[in-house]
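K.L.:
The sequence isn't on hand, but the structure is:
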């Protein structure tokens, strides 16, 4: 039985996948969707295992990607992003870009995320590790502000996993949730 997209576009699944594979921007969009699907898998497992009360996925322009509810009843807004790999000389630098795809007309700063837009960023590490189910997490309150717009987030953030670094990057979602709850005194 063909997938509804095969019927809509009159192409086979293989032709649709080939079309995506040959177009850079489309592949980037696909990687964002892949990251969200893998993140939602984690949330399903967390809910089944009983360490997360509930979650909701959002596919709405201008809204964060997920809302989690902890066992203490704390909602946490999550934005899912994919890692970028840059080179600084011979050194590989892992970064995440936190800005919207487009800016509103007449307000270039609208492309930057407001610091209150979400609470936690989940960064899919698949581009660097090949494991698209691997994530790193950071609390938005610990990420640097934009140098010209103090209510907004800086665009590029390096992922540094050293203990004592000013921005804590967590490898486990539960650790990031615990840190958020500690920060909000739950």
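P.N.:
Yep, that arrived. Since this is a predicted model, take the numbers as computed values, not measurements.
K.L.:
Low-confidence ranges, this protein, go.
P.N.:
Along the chain, segments meeting pLDDT under 70 span 186.
K.L.:
and the residue nearest the centre of the chain, helix, strand or coil?
P.N.:
Centroid-nearest residue in the chain, with Cα atoms, centre = their mean: residue 80, separated by 1.6 Å. Assigned with DSSP: H, G, I helix; E, B strand; the rest coil, residue 80 falls in the strand class.
K.L.:
for the one 4 residues further on, same thing?
P.N.:
Under three-state DSSP, the three-state class of residue 84 is strand.
K.L.:
who are the neighbours in contact with the residue nearest to residue 132 when sequence neighbours are not counted?
P.N.:
Excluding its sequence neighbours, the residue lying closest to residue 132 (Cβ to Cβ, 6 or more residues apart in numbering) is residue 126, at 3.4 Å. C-betas here are computed from N, CA, C, even on glycine. For residue 126, the contact set (Cβ atoms under 8 Å, 6 or more residues apart in numbering) comprises 31, 34, 35, 38, 82, 83, 132, 133, 134.
K.L.:
Then residue 110?
P.N.:
For residue 110, the contacting residues are 100, 103, 104, by Cβ under 8 Å, 6+ apart.
K.L.:
Would you state the strands of the protein in chain order?
P.N.:
Counting by DSSP state E, one finds strands in the chain at the ranges 54-57, 66-69, 75-88, 91-97, 120-124, 135-139, 156-158.
K.L.:
buried residues in the shortest one?
P.N.:
Looking back up the chat, that one is strand 156-158. residue 157 (16 or more other Cβ atoms under 10 Å).
K.L.:
next one: stretch 171-186
P.N.:
Buried-residue list, stretch 171-186, by 16+ other Cβ under 10 Å: 173, 176, 177, 179, 180.
K.L.:
next one: stretch 137-156
P.N.:
137, 138, 139, 140, 143, 146, 152, 153, 155.
K.L.:
Would you mind measuring the gap between the ends of stretch 109-120?
P.N.:
By Cα to Cα, to the nearest Å, the extent of stretch 109-120 from end to end equals 21 Å.
K.L.:
Show me which residues of that stretch are buried.
P.N.:
Within stretch 109-120, the residues that qualify as buried by neighbour count (16+ other Cβ under 10 Å) are 110, 112, 113, 115, 117, 118, 119, 120.
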